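Participant: let me see the structure of the following:
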Amino acid sequence: MHVRIYKPTKTAMQSGRAKTKDWCLVFEPQDPIAPDPIMGWNGSSDTSRQVKLEFENQKDAVEYAKNQGYTYTVMPSNERRIKPKAYSDNFAYDRRRPWTH
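Facilitator: The predicted structure follows:
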């Protein structure tokens, strides 16, 4: 089985960065998704796509994948770059566009 290891990004519905510090290990899908003929719901017989394991760091996730005999892909994490700002920057003389209402 093949697994993917990544660090989740923050959702658009929150301003904080909760649940973005841990690394996740998810299984790649084995069976295709097909609609159910009676209900029309999409589903699959692959239950491993419901499993999401969380680890404190990347090293632990990779070690777990190796111990279980899984092949893995590590997705690089994009670190957030915070640009410090101040309210007084709105009125700076070297501003590109003049400040107006």
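
Participant: how near is residue 72 to residue 20?
Facilitator: 20 Å (CB to CB, to the nearest Å). C-beta coordinates here come from the backbone N, C-alpha and C atoms, glycine included.

Participant: hmm, I was thinking of residue 91
Facilitator: 34 Å.

Participant: where does pLDDT dip in the chain?
Facilitator: 14, 98-101 (pLDDT under 70).

Participant: so which residues of the chain form strands?
Facilitator: 2-6, 23-27, 34-35, 42-43, 52-55, 71-74 (DSSP state E).

Participant: can you name the residues that contact residue 62?
Facilitator: Applying CB atoms under 8 Å, 6 or more residues apart in numbering, one finds that residue 62 lies in contact with 5, 72, 74.

Participant: returning to that earlier point: which one's more surrounded, residue 91 and residue 20?
Facilitator: residue 20 (14 against 9; other CB atoms under 10 Å).

Participant: not counting sequence-adjacent ones, nearest residue to the more buried one?
Facilitator: Of all residues not flanking residue 20 in the chain, residue 10 sits nearest, at 5.1 Å (CB to CB, 6 or more residues apart in numbering).

Participant: and that neighbour, how many neighbours?
Facilitator: 13.

Participant: hmm, residue 21 and it touching each other?
Facilitator: No: applying CB atoms under 8 Å as the test, residue 10 and residue 21 come out as separate, 10.5 Å apart.

Participant: ok, what's across the strand from the closest residue to residue 28 other than its chain neighbours?
Facilitator: Leaving aside its sequence neighbours, residue 28 sits nearest to residue 2 (CB to CB, 6+ apart; 4.5 Å). Taking DSSP bridges, one finds residue 71 as the beta-bridge partners of residue 2.

Participant: list the residues that contact residue 2.
Facilitator: 27-28, 70-73.

Participant: now do the closest residue to residue 57 other than its chain neighbours against residue 34, distance only.
Facilitator: Spatially, and ignoring its direct neighbours in sequence, residue 57 is nearest to residue 23 (6.3 Å; CB to CB, 6+ apart). Distance of residue 23 to residue 34, given as CB to CB: 31 Å.
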